[in-house]
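Undergrad: The sequence isn't on hand, but the structure is:
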């Protein structure tokens, strides 16, 4: 048992691009579900479009990295519009099914051989990093200490991701205490009441879907900063993990999604390192590859228990977390 | 999806195809000697990797019957070194398609290969080693055609036709794999292909209908969009596999066990989870998210026990027989008969029995049903058992249709179940059946026009279009709109 290795591999996930990406996507999901009451089960597609929008802009059209990222965010916004027009009129569970179907369509379109020229098919895309890394303000070298030792590229990815996350959190915080945010929360609590006040409920929901979608797309961009964009990453499991994270931290909270992400990834990485080691040392009655599956089972169980016993999450207020009836 | 056509080169695994191409590219460095040694590797993996790179034959039924039986004997490797025959008219450029044609491990000389597209046309012949190279002016898509008249008699290119679309990957050189097989090129009329696809679509739609009807009954009585229905489907195939494959029980016993286990799972889930949650008064959305959590947990638990691979049930993929243009196996026929019998049984249950009528009453108005003396909890329990049995049956048939038992086979079907339910009108069992058959036919027939790797997307697009124009579904009522 290499406890040092297990702990240091776990500690890496406290601040890693994937953690930051999940935190961004969960924040976007908080705008959708926590504040707007929209059951969006298609967050994986927003992340995919953000990432692929960036990568394709750079690879196929030779655009600079910052413009590629803006296009990635715009792709998220556009998808929100296209998705919202047919689905936002629907009741909760219909909306969930429609969004999950839309996300699967996006994944299949990224996977198919038809658009392989641009999307790379099932192999995905890589090699779009030059521009972003060229803009790195940190000189070549090694930074940090202990498990958080990064080279200049790794540091730049993390700093950039954290900047995006801080911006998003600030934006969500400011918006949710504005009149706009109060109307949105009103729609979550009682749509008809808000409609009776003369508000355009559809427009507010659409704005919420676009805002959350853009934040999710930003998460998708950070997600692919370190290595490559692969369509296999954007399965429905990704969306379900984000929901677990959101409900863990607190759906209608500002810092809940980020807190939930850090807890999720630390526990997930810890189990991912610990269980195979335990199995390898003969302390568990199954193989190391089986041990790696256990943590996915635990995610499912955690999701069930959270929804049943603490739907408001760690940071949430029970009075504010009314699930749509 | 129909694995029995795999010998014709379905793109099952693109990643291994890339691996194959990478191996081929590495061999370039080693020169002819290294490449030759690779040709001698009869390892199944090499063949499989190269097989996977072949383009999807959209209507596999169109190819010759005997071709499927012939082993993929033409292995192709990239060779840049060595003498190659090139058409003098086309100058050497930075972009080329290359290949190597062999049949039964012997290189074929003088096979004419033509390329066209983007206003460019060229052709070449294979040399004594079976090599060919075609240079093209730019990196774009082209159509590559093998002149089958120059192949040995009775040998054709596997797949729908001797032409295929070819495009470049990341580099300026692309290895094109051509697989030869015994057979006679015969083209089928569009109507025949349509009919053949439609029959397979009905077959799939019926087995999908079993699962959807159960899910629709659950939705109707409890308002739960049950994501764990995917795992109830997988459970059927899984138990059948464990009984026959691991415990070596006879097939009939394994199937009976699977169906019984399906009912037991439905009963267990209702008694252990859903009924306590109903008592606790969770909202429908909360219960739906609980079902997502359960789906995740069960799915990975299945993977924990049987691993990530695909395993076959006994007697999978028999030789098909032919009824006119329609190619069917006896399993397809049994599958359709079983589905029909089960569907008729459900129809009888819903329209003729007291419990069935009570089920429909609860779907219409639970409060009123309870007030008129119907034991709602008991009926819901029966519905869960019935849904479990139907899902397990569907899972067994799905395991034969795909074919194979896999830990996430149910998830592949879940969105189709939801699409079928929504299409027919959430909560109506007959609506779900109609929706399933439409979805089944749409998926299979759509492969006549769109690539087969997008056929499931067609069903999901149908779902979204239906939600746009008629959200209550075909047989649903307006009130179900939010």
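TA: Looks like it came in fine. Since we're looking at a predicted model, the values are computed, not measured.

Undergrad: The stretch 51-200 of chain A: strands as residue ranges?
TA: Remark: strands assigned in the stretch 51-200 of chain A by DSSP state E, counting those that start in this stretch are A:142-145, A:148-151.

Undergrad: One more: the stretch 51-200 of chain B?
TA: B:95-100, B:102-103, B:106-107, B:112-117, B:120-125, B:131-136, B:142-146, B:155-157, B:163-166, B:173-175, B:180-182.

Undergrad: Just tell me which of those ends up closest to residue A:153.
TA: Set against residue A:153 and scored by CB to CB, these come closest in strand B:173-175, at 30.7 Å. Every C-beta, even on glycine, is put in place using the N, C-alpha and C of the backbone.

Undergrad: Can you give the strand pairings for the closest one, parallel or anti for each?
TA: Strand pairing for strand B:173-175, determined by DSSP bridges: strand B:95-100 (parallel).

Undergrad: buried sites along the partner strand?
TA: B:95, B:96, B:97, B:98, B:99, B:100 (16 or more other CB atoms under 10 Å in any protein chain shown).

Undergrad: Any stretches of the chain with poor pLDDT?
TA: This is for chain A. For chain A, applying pLDDT under 70 flags the ranges A:321-325.

Undergrad: Let me rephrase: I mean chain B.
TA: In chain B, residues with pLDDT under 70: B:1-91, B:159-161, B:182-188, B:476-482.

Undergrad: For it, which helix extends over the most residues?
TA: In chain B, assigned by DSSP state H, the helix with the most residues is helix B:190-222.

Undergrad: is chain A contacted by that one?
TA: No: using CB under 8 Å from any CB of the partner chain, helix B:190-222 stays clear of chain A, coming no nearer than 8.5 Å.

Undergrad: Counting by contacts, list what that helix packs against.
TA: Packing contacts for helix B:190-222, counted by 3 or more CB pairs under 8 Å, 6 or more residues apart in numbering or on different chains; DSSP states H and E, involve helix B:229-241, strand B:326-328, helix B:330-352, helix B:354-364, helix B:376-401, helix B:409-424, helix B:429-446.

Undergrad: Out of those, which is closest to residue B:112?
TA: Of all these, strand B:326-328 sits nearest to residue B:112, with 31.3 Å by CB to CB.

Undergrad: Name the residues that touch the closest one?
TA: Under the criterion CB atoms under 8 Å, 6 or more residues apart in numbering or on different chains, residues B:61, B:195, B:196, B:199, B:320, B:321, B:322 lie in contact with strand B:326-328.

Undergrad: which secondary structure element contains residue 301?
TA: Just so you know, I chose chain A. In the assignment (DSSP states H and E), residue A:301 maps to helix A:288-309.

Undergrad: Chain B, not that one
TA: If you go by DSSP H and E, residue B:301 is part of helix B:284-306.

Undergrad: Pull the contacting residues for residue A:21.
TA: Residues near residue A:21 by CB under 8 Å, 6+ apart: A:47, A:161, A:219, A:220, A:222, A:223.

Undergrad: swap the cut-off to 7 Å and go again
TA: Counting by CB atoms under 7 Å, 6 or more residues apart in numbering or on different chains, residue A:21 makes contact with A:161, A:219, A:222, A:223.

Undergrad: Next: residue A:20.
TA: A:158, A:161, A:162, A:165, A:222.

Undergrad: Could you list the contact residues of the stretch 201-350 of chain B toward chain A?
TA: Neighbours of chain A within the stretch 201-350 of chain B, by CB under 7 Å from any CB of the partner chain: B:225, B:277, B:282-286, B:288-290, B:292-294, B:296-297, B:300-301, B:303-304.

Undergrad: switch to 6 Å and redo it
TA: When proximity is defined by CB under 6 Å from any CB of the partner chain, the stretch 201-350 of chain B lies next to chain A at B:225, B:283, B:285-286, B:288-290, B:292-294, B:296-297, B:300-301, B:303-304.

Undergrad: between the residues you listed, which is nearest residue A:42?
TA: When those are ranked by distance to residue A:42 (CB to CB), residue B:292 comes first, at 13.5 Å.

Undergrad: The closest one: neighbouring residues, count only.
TA: Residue B:292: 25 surrounding residues under other CB atoms under 10 Å in any protein chain shown.

Undergrad: Same question for residue A:205.
TA: Residues near residue A:205, counting by other CB under 10 Å: 23.

Undergrad: Quick check: chain neighbours aside, which residue is closest to it?
TA: Leaving out its chain neighbours, the residue that sits closest to residue A:205 by CB to CB, 6 or more residues apart in numbering or on different chains is residue A:88, at 4.9 Å.

Undergrad: residues from chain A in reach of chain B?
TA: Residues of chain A lying near chain B (CB under 6 Å from any CB): A:86, A:90-93, A:97-98, A:101, A:104-105, A:108, A:112, A:114, A:121-123, A:240, A:290, A:293, A:296-297, A:300-301, A:303-304, A:307, A:323-325.

Undergrad: related to what we said a few turns ago, show me how far the longest helix of chain B is from its chain's centre.
TA: Remark: helix B:190-222 is offset 14 Å from the chain centroid, using CA atoms, centre = their mean, to the nearest Å.

Undergrad: Can you name the residue of the stretch 151-300 of chain A nearest to chain B?
TA: residue A:300 (3.0 Å; CB to the nearest CB).

Undergrad: How many residues are close by the single nearest residue of the stretch 1-150 of chain A relative to chain B?
TA: Across the stretch 1-150 of chain A, the shortest distance to chain B (CB to the nearest CB) belongs to residue A:91, at 2.2 Å. The tally of other residues near residue A:91 (other CB under 10 Å) stands at 16.

Undergrad: Kindly report the same for the one 5 residues further on.
TA: Under the neighbour criterion other CB under 10 Å, residue A:96 is assigned a count of 24.
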